[in-house]
Structure formats: C-alpha cells, structure tokens
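Asker: no sequence on this one, just coordinates:
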Ligand SMILES: [Ca+2]
Ligand SMILES: [Ca+2]
Ligand SMILES: [Zn+2]
Ligand SMILES: [Zn+2]
Ligand SMILES: [Zn+2]
Ligand SMILES: [Zn+2]
C-alpha cells in the first residue's frame, strides 16, 4: 500500500474552511480585555485555549497548560512612574502624561498597565535634559564629540536604531543618569501627529500613545538561565542577574516628547537626528531661556517598577501523528499582550485558533490524522522576553532536539495588507514557496500570494533566478529559542506593508493602548482577508511539513546562504585576514564540500522519489534533512551570548553579511596588534565555522560513507 | 516478510570461527616492534589495518585513515632525561638507569622510547629528597603536618592513588621543585622484587621496569580543545595550554627507587605509606648520614622533554547496515603503544582484527550483512591522552550524536585469566549479560562466562537479585569522549584478575619495555583462551547491537543507578542539605518519574514484541532507547571540566556514590557560610540533575504525550 503522503484534496479543503469571519470573531474575544502576562485575563485565556483544544467536536487529541514561576516587572500602583520638568526650587513645571488618552473608552480601564520600561530599575534621577537621537553607541559618541557633558544628565532618545535596553546601556556608559524613550511621528506616523490624523481617525498613533516594552537584554526568565523556571528550580540572586538596564528608563508619547524636545537649548542636532515634532531638534543640555521653562530647569524621571515572581503558563495541544508520532511540527504564538493586544499578539492567536479548529474538526470527524504529530503552542510572557517559549525549550531540550521537524511562528499575523513576509532559515524556503504559489492573494488582481510577494521582497538566487526573499531570524519573537538554542529549522509568517507607501518602523499602535479590535477591524485588515491569507499560508506549510512522506525541507538551499556568506567574507574581510596570515582556504573548501554533499543528496532524493522507497528509507533521509540545522549548533562558540549557539545566525555586528562569529571577531581584532588574543579569536571562530560546515556536509553525505 | 533480526545460528557460527591461534599470530605481528604514536611502525600498522580491512576475501565495505596533526611529547635523544644523586660539590654520586635492562633482547632496541613523563616540562630541579607516598593532596598535607619543609624539594612518589599528572600538580602547590614516580613492588608485584621472581621468570615486573605514561590532565590534543586537530585548525598558543604538569617529573624503576628511598633520613613514614622495597620508608628531607650518600646530598632531576606537532591517524572501517545503515555500532581500540605494547593495546587490537576478519569474511561471502552499520576503529595516540578518539568525536560530533547506537571499547583485552570485567553505563548491562550467558568460560569447570563472572564481581540488584556488577566508565581509555562528550552508551570489555590472588594495581609490565609477545604468550594468557573469550563476548555484544530488530539497550536499568544515587544523597548529604534549607524532594520526584516512564516503556516494548510491530514503529522505539543516554548531557553543567558533560558520570570527588555535580558542589560548600556562592552552586547542580532526569523521563514517555 502507498505510504501516507500529503493529500492535495484535503489541503484544498482546509484552505477553503479557514474562515475570515471566525478569525474576526476570535480576535474580538481575544482582544476584548487587556491580557498582560500573568493577569487574570491572561489566565482566563489559558482556559479559553484549553476549552477550544479540548472541544469534543473541534479539539485536538490532548491539551495541557504548563506553568512556570518567572520574574516579571510591573510599575507600582501606589507610586506611579512620572516624568516632570522641575524648576530650580524643586517645583514641578510640567508633568508628562501618566496614561494614554481615553479616546475609545478602552484606554481608561483600570487593567490598562501604564506605560513603563519593563525591568528598568527604580530610581529618581534628575538632571539637565539632552537629546541623544536613537541612543546608539555612535549617538552618544557624537554628543561627546560635540563637547556635551553627559554625566548626570537625562537622555531623551527615540525608539528605533538600537534595542530598548541597549539605549540605557549605552547611556549609562557615558554617565547618563536616566533615559526617556519616545516614538517620533517621523518614525511611526510618516510624519503625521495631529489628533485628526491619528487613531481613531486613522491607523496612525495618537499623540498620547506610548510604546511599552521589555528592556531586558537577553531572553527567557532572568532568574533561571538554561534551566526551566519550575517552582523548585535554582534561581539566581538578583545581585547576580545580568541584562537589566543599568539606569532608570521610562517611555513617553510624542505629545510629551514635543514639550521637552522643542524647548531644548544647545546646538542644532545633526540632520539625521531631526524628526517630525515640528521644531528644530537641539542637543541640550538643558532648556533654552526663551522657551516654556527656565534655563536651569531639570527633568526628573521617577521609576518605581517592581520585580515580581509570577505564574505564567504555556498551553500546548497535540494532534498525534498517525505514522511518525515522534516527529513534531510545532506551530506557536504568544498569548500575552501589553494592553488589549489586538494586533500583537491576538491577530496571530486568532489565526492559530482558526487553524486548530479546522484541523481539529477533521480530526474529530475521523477523516484525517497527520503523518507526523502537530503541536500547537500558546506561549506565556513573551512580551517580557520570550519567557514561555524559552522555558519550554529549556524543559524539553533533549526531546525537542531529537524530534522537532520545524517551528512555525505566527505572532503579529497582519501588520498591513500588502504582501506576505517570511523570516526563516533556508530549509523552509521551498515549503513556503510551494504553499504561497497555491493560494490566492487577498489584494486586487488575480495573483497568487507568491506572485504578489515577489513584487515586494525579492532577490536574485544563483540557483532559481528571481525569487521572493526571506528575512533572517533575530530574536523578535518566540522562534528565537528554537533556532538559536535548539537548532530547529524555524520561520515567522505575516502579512505586511508596502514599503513604498509607509516608512513606519512598525504598525503605529504597537504596544500601546490603542492596539484594539476596532483598530484592526477598521484600519489594519477590514474584512480580515489578510488574516485569512496568513492562516492559509501557515496552514499549508504546516500540513506540508506534517503530512508529506518526504520532508519538504530543502537543505540544499543552505548552499546559497553559505556561498553568499563566503563571498562577503572574501570581499570585505579577505584582505584584512591576509595581512594577518589567516587564510579563508579551509572555509572555501568547507563550503564546497557542503555544496557537493547537498547536490548529491538532492540526486539521491530524486532517485528515491522515483523508486517508491520504503518508509524506513525515507525516514532515514528525513532524519538527515531534519537534523541538518542541528549540525550548525555549537554551544561553546559564543559563551558570552546567552542561548545563541547557531554559528550562522547568532547576532552580528558590522555590515558584512557573513558568518557572525567571524565578523564579530574581526571587528574586535581590527584595531589590535598582530598576535593579539583578539586575532587568535578570529582564527578560533574561523575554525568553528569550518568544523560546523564540515559536520553539516558529513550529515548530508550517504550515511555509510566514512 | 519478517524484519531482519538477530540470527542465533549465525551468532553461533561467528562464535565458533573466532580463532585463538589467529589472535595469537596477530598479536605476534602487532607487537613485533615498538609502535609509539606517530612512529614509523605506528604508520606501518595503519597500513596493515587498511590492508586487512580492504582485503577482498575478509575485508569490510570500506576503510580509511584519518590523519590529525597533534601535539605529542617525547624525551630528547640528544639530552637524555636523568635522575642523579648529587654531592655538595656537584659531583654525581649515583645515577638512576636511563633505560630498562635488556632482559629478552627486545629492550635494547633503538626504537624503545626511554622512560619519561609525557608532557612534563623540561627543567633541571635539584633539591633534598622527600618521600610523598602517592602524591595525593592528603599525602602532601601529611608531610606538612609533620613539619617537613617542601619548598624546593624533590618528591619521590609511587604510582597509584592519584593520576600521574595530579601528583605533580599537588606537589607544585606545596613548592616542590620536581617529582619522581616509581612503581612499588607492593603495588604491582604482590611484594616480589628479585630478578629470579620477575619477568622473564614470571609475570612480575623486573627491577628496572618503568611505567611510562601521559602526565597531561585532560584528554584530546592539548592545542585544539573542542576542535578537530586538522592541519588548518585553530591552535592554542602554548602559553594558553592548561593541564600540563607544572613542574618536571620523571618515572623510575623500583631498583632505583630503592636506592633513593632506603637511604632517606627523617621520621618513619606512616604504616600505610610503607612498601616492599625491603627497608623502612622514611620521609626525608635528605639522606641519613650513615647511608650510601652524605647527608647533604641532593637529587637532581633533569627533564628534556620536547613537544612536537606530529601526524597521528585513526583507521576507520565500516560494514554498511542492510536495513538501517544510518545507525552505527562502533567498536574501537587504540593502536599506539608505549613500547611493544603486547598487552596494551595489542591484545585488544588482535581481538579487533580477528572479529573484523570473521565478520568481513561473512560479508564478502555474501551470506550476511548486519541490520545496522558496524564501524571498526583503530585510534591513534591514545597513550598521550585519548587523542585520536577525541579528535574523531570533535570532527563528527553531530553525525555521531544523531546516529551512534553504542560504543564498544576493547583496549587491553586480557589483564589476566580469571573473569570477565565490564565497565559501562546501565543500558548495556542487559546485552552484555545476554552475551555472557551463552559463551563458555575458558577456565576450569563448565561455567558460562556469566556464571564465572558473577563469582568475582557481583552486587544485589533490587530488580534482578544477585547479578554481575559493571564498573563505571572513567577516562581510562577511548570510551571517554564517547560517553562524556557525546553521551553515547558505552562499554569496555576485558578479562581480568582474581583479586583474591593478586593485589597488583594493574598487570605488572604495564607501559614498560617488558610488555612483549612472550610475556603474553607465557604468562598472561597461554593458549589465548581468554583472548578468545573476550573476542566472543565482544563479538556477541556487537552482533546483538547491530542485528537485533529491537535494540537490546535496557534503559530501565538506569532506574537502579538513579535510585542508588538518590539514596546515597539522602543518607550522606540529606542532613547537611536540610540545614541549608535545600530539599531533595524535587530529585525524589524526578527519579520516580524516570522509574515510572521506564516501567511503562518496558510494558510497551513487550506489547510491540508480541504484536509483530512494523519497522517504523520499532525504529521509533529504538530511537528512544538510543537517545536516552544523550538526555543526560548538559554542556553547561561543568564548564571547568573539559569534555565532561554527562551529569551522571562526570568525575566525582568524595566517597558518596551519588550525582557528581551535587557531590562535588556539596564538598566545596561544606565549609562555607550559608548563603555563599558555593551553596548557590549546590542548588544549581541539584536543578541541573533534576532537569536532566525529567528530560530523560520525557524521552521515555509515549512520544505523543504532552
Ligand atoms: Ca529559564
Ligand atoms: Ca581537538
Ligand atoms: Zn508579539
Ligand atoms: Zn510585542
Ligand atoms: Zn591502552
Ligand atoms: Zn596504555
């Protein structure tokens, strides 16, 4: 009998059953109330998910909540955080808003958490204000170069350019005492800032909107690195925790930022630092004498955040595989939001619920069971630093490394309606392409999602010609522990902007109290056709991964990446390395070995596909495909980068798109003398990559080759 | 059709074909000349192995040599190492022998490497002699307690008690300038020391015999930790290498040790420090006035060892599996010796050759091909620190972790003729028992190897009652990187002593120029029946692991170990931990979860075995069994212990046979105050074990359980 394989009719039927109006209704329910991690509503949503996944008519085989005790950070209710302009006598001249304006009746609820910088330490620094652009290392160096004394100042920075926590770290290095972070209308609203031009009148951010966020620099529960945060787990002393901002920080809206920034004294900020607040941005320090505040006025930042050990749950649901139940395709999204979180994360959760409903219904009808197991996950406390997903990978490290086929993340499912956007590692490219080619694009015209996508994001592949381009995976959502810590082929799928129409850093109400159901329903995706498109794309990818006899992971697509990393290294670093007698020859050889092994494996696959191979033969092949990503892990490659052990996708500084360990080591070594420890580290990093590539090639070669 | 399974008739036939006289002839050839790692004769043996494994009538599917460039250490030919008693005027009063006596014509060859301590640094320290027993930390503390000034002395130590390198490390901590190491007749010869009582007149060590050895404290090539020593690999600067002895060291024979030790001044050494040199052992410092040397005579140790980068090869040969070629059962031994190495390692290599000949012959006849792949390995440079096997595991880390079923090591195959001796992790116990029950013991009587074995080594198992006891795996041979670095279920098999007949630390000519073919042929195993017994046992285990449909790894035998570790922790550490408010409760729960999962899996296996399960179902089960050992690895558990990441078998100090991380952390914390970092580390180690056990249980549970 023929082995169980992907059933195209069933796939077509699933595509047809994914219902935009159900996604809309689920989104309405999910975003009805704020559901901050560990809040009562977050707990209620745990129950909602369990109920859905245990539904006799449309549920999964089983579902379960996994609770962890994790360290979160909240503003004090008794002592609200505040940002004030203070006169020389200590008198308050201006107070920034402590909450967002109640524009739709949803912003005034007591369960809307006031804007704050999670994990920023408490403190009440006061000093002259300076403007520090995005708070990058270069920005502070520029201020220093301009002769501005930063010691004891309060730095006003704008979102973008550097991570949230990095702004505070960079500032503290220069003696800054406190950091403010605001969203410039130039960065989020394409310059618009009037109430009439912003939500609820458009999708733009209202003047009082404030982006909340985690300022923790790593991910996972801060007290339990590399260990699951079970109640009995070892926890670090707070004194030994690293990664929290070193100085108090607080986010504010552009309404308040305008009052501060447009009153600044000092020289004009560089052109690139100017924004859309309607005044010239100056650097400070302090206010100009003819403005709203006396020149010696200071800014006082009062932060009273509290660290709390709280319970946070992941919800897991499984459809047992019929043939290979020990192979897991994981599909997940976080559940927790900052406020109502209609876009982030509920647009993804609504898609997750609709997809699990359709598959659950088929399952309960008895008409279908996937070849491999499908696991759905609703992660807790992502907003504080991917905590739920990280604890999950810590708890089930071995089992997941052995058995996980792929991880599919759909967090924000719809940023905007223009095009598909996929981030992922090369092995998932082909399966996403296959899915995207078979689904109609929601926009005008009669294009497939693929044909629409290629108009917005594309690249020229040496193998395929012009193809849609996938982004690479950073640490922006719950895929991070899967790809960086476990080495699982991963992807993140969404619909997003036409970049020719907007330069918004992200959708405007991101992490504010204005990210509500009406915002989505009226401005982001009226009709929910983009949500449906994402559900179909992700659903098709999920079915292809779980049902195909031959795993649709095209590992040879890594050859493209490796070749381009190699070429970038040769072009940008080759001369420098040669000066230090470091040869890229072994790396060239390793890339060639990978390419040869991948090509030969491709031919072997073609042969097997023609020859009606038996299940065991295909399982062995699939193991090679599944485990390839694991061969790029080296837990000793970057000991200082917590969780990052994938030698191709670890964080990279500098502009050369090449192997991150090599790039980072080179930029550290560049200004040291020959024979330095830094140059030895360059050689070590080069060897680490070479060994990983040779190991990857060995995994792809015929299994009985020596 | 029935799936390919172990064929008992074939097994019986293989047992019958394993030929003692061929083992004898192979041993004669292998040990004909000294074959120190990287020597011409070592290279010639690489060719011999390749030729055997490529033989058209009895070879394997393919064979290949893998060369590494590794850092070895040799004595200088121009400047021989020396140990002299020196008068106050610098005159030499006595010189220790620089080579062993040419008793059989084989010790005088130019290719016999003079006795030395590999990796001991060069230097010519001179000072008063002290006697430091075995050179343990306690021994030096005892000398200190007796008021003996150790600064600048030469410490004479005897082999045993502490590792070679550890003697020098302990000595250097007390200011000792140089270390001598000798073999006491009490420890190796059951007290005998006369030429008439020793080789070539008996199996005992002649007075001039000197044990060579590596004094490097880690394993693997010292310049390339965690990276394979390929020519292009990153290498540490010598200044950054750790693990070499800090002070010069040199081994001597008991003939010379007697001259030194029996002339010592000072107080009488403790009773436990006395030996069989025929005099009272005194502590020194210096010589007694009425002896052979003036009281102010000193001992001068001249070490001129040279570090050299040398090529060393592993030879690998493979028999491709017929059904699951991507599952590897590895069988290996090192090839290099210190001198002729008839026992160490050639007794194992001769068994390896005979086993590969018999299986190769079946293969070439076309009558048999194993279900899984069998890989034979001949490792290079083991004597210098398991270098070849370690580099192999570094080079093929991912592929081996994914696919290796088990590692079977037979280094010295016959120490003596009394009984089987097996070291291994619990999952291999059952397959060794199965094999041992079916093979006749070579000794008197009509016992199986199993029934003979249980008379010498046994324990009471709560599950099985009285069974032979397996030892645990340290780092004594090439299994170390497999179990500790890769987490592969491993074992080491040999025939050994009747401990009621001898207390010899190891066979007497170990690592000396007297370990020759005639020594084996006349004294160790005349008739080679013990060699044959080991070949049969190892061969049966190898066939069972490679041919059985259901993998014969009984993972539930880990329950015994975990329960005994837990009980030891409760008894020996429970009160102490309770004083520091550390509960063993989570560990108890984790052990119980493991036991429950293992029991349930056992029932599932029984069901599958009854139900004629299909190949894919059994493959999934076998993956659970194969990968269990991997779940105990945590590369972040013991960052300071190079390569050790198995949380159950890492090195343990102290006498409590429990989880090593917990035991070690407790012994470090014991004398610190509550709330110290050391007590935090105890809690961290406890969590690491709990997470590992919970992860192991998760791997054993039904694969679709959440
Ligand atoms: Ca954790
Ligand atoms: Ca190495
Ligand atoms: Zn999100
Ligand atoms: Zn978010
Ligand atoms: Zn050996
Ligand atoms: Zn040895």
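Answerer: Sure, I can see it. The shown structure was predicted, so the numbers you read here are calculated from the model rather than taken from an experiment. Numbers count the residues shown, from 1 in each chain, chains lettered A, B, ... in the order given. Ligands and ions are numbered 1, 2, ... in the order given.

Asker: Apart from its neighbours in sequence, what residue is nearest residue A:251?
Answerer: residue A:181 (4.7 Å; CB to CB, 6 or more residues apart in numbering or on different chains). Any C-beta I mention is one placed from the backbone N, CA and C, and that applies to glycine too.

Asker: State the helix or strand in which that neighbour lies.
Answerer: strand A:178-182 (DSSP states H and E).

Asker: quick check, residue A:572 in a helix?
Answerer: Yes. Judged by DSSP: H, G, I helix; E, B strand; the rest coil, residue A:572 forms part of a helix.

Asker: strand partners of the strand holding residue A:181, parallel vs antiparallel please.
Answerer: Each strand paired with strand A:178-182, and its direction, by DSSP bridges: strand A:154-158 (parallel), strand A:249-252 (parallel).

Asker: got the angle between the very next helix or strand once past the longest one and strand A:154-158?
Answerer: Past strand A:154-158, further along toward the C-terminus, the next helix or strand under DSSP H and E is helix A:164-173. Between helix A:164-173 and strand A:154-158, the angle formed by their directions is 150 degrees, by axes from the mean of the first three to the mean of the last three CA atoms, to 10 degrees.

Asker: And helix A:164-173, what does it pack against?
Answerer: Packing partners of helix A:164-173 (3 or more CB pairs under 8 Å, 6 or more residues apart in numbering or on different chains; DSSP states H and E): helix A:137-145, strand A:154-158, strand A:178-182, strand A:213-214, strand A:249-252.

Asker: which residues touch the fourth one?
Answerer: Under the contact criterion CB atoms under 8 Å, 6 or more residues apart in numbering or on different chains, strand A:213-214 has outside partners A:73, A:117-119, A:164-165, A:251, A:338, A:383-385, A:511.

Asker: Inside strands: which ones of those residues?
Answerer: A:73, A:117-118, A:251 (DSSP state E).

Asker: quick one: which of these is nearest residue A:603?
Answerer: residue A:118 (51.8 Å; CB to CB).

Asker: From what I see, that closest one and residue A:73 are in contact.
Answerer: Yes. If you go by CB atoms under 8 Å, residue A:118 and residue A:73 touch, sitting 4.3 Å apart.

Asker: Can you get me a residue count around the residue nearest to residue A:251?
Answerer: 27 (other CB atoms under 10 Å in any protein chain shown).

Asker: tally of neighbours for the residue of the stretch 1-150 of chain A found nearest ligand 3?
Answerer: Per CB to the ion, residue A:37 is where the stretch 1-150 of chain A lies closest to ligand 3, at 11.4 Å. Counted by other CB under 10 Å, the residues lying close to residue A:37 total 26.

Asker: so what's it up against?
Answerer: So residue A:37 contacts A:72, A:310, A:312, A:336, A:380-384, A:387 (CB under 8 Å, 6+ apart).

Asker: would CSV of these with pLDDT be doable?
Answerer: Output for the contacts of residue A:37, formatted as CSV (pLDDT from 0 to 100):
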residue, pLDDT
A:72, 98
A:310, 98
A:312, 98
A:336, 98
A:380, 98
A:381, 98
A:382, 98
A:383, 98
A:384, 98
A:387, 98
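
Asker: Pick the one among the residues you listed closest to ligand 3.
Answerer: Taking CB to the ion as the measure, ligand 3 lies nearest residue A:382 of these, at 5.8 Å.

Asker: Farthest pair within the ones in strands among the contacts of strand A:213-214?
Answerer: Across the ones in strands among the contacts of strand A:213-214 (CB to CB), the longest gap, 13.4 Å, separates A:73 and A:251.

Asker: who has more neighbours, these two?
Answerer: Taking neighbours as other CB under 10 Å, residue A:73 and residue A:251 compare with residue A:251 leading, 26 against 23.

Asker: residues touching that one, list them.
Answerer: Neighbour list for residue A:251: A:115-117, A:159, A:180-183, A:210-213 [criterion: CB under 8 Å, 6+ apart].

Asker: could I get those as a markdown table with distance to ligand 2 and pLDDT?
Answerer: Shown next, in a markdown table, are the contacts of residue A:251 (distance: CB to the ion, whole Å; pLDDT from 0 to 100):
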| residue | distance to ligand 2 | pLDDT |
| --- | --- | --- |
| A:115 | 52 | 98 |
| A:116 | 49 | 98 |
| A:117 | 45 | 98 |
| A:159 | 46 | 98 |
| A:180 | 51 | 98 |
| A:181 | 47 | 98 |
| A:182 | 52 | 98 |
| A:183 | 51 | 98 |
| A:210 | 53 | 98 |
| A:211 | 48 | 98 |
| A:212 | 48 | 98 |
| A:213 | 43 | 98 |
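
Asker: The residue nearest to residue A:251 against residue A:133, yeah?
Answerer: No. Checked against CB under 8 Å, the pair residue A:181 and residue A:133 is beyond contact range at 11.4 Å.
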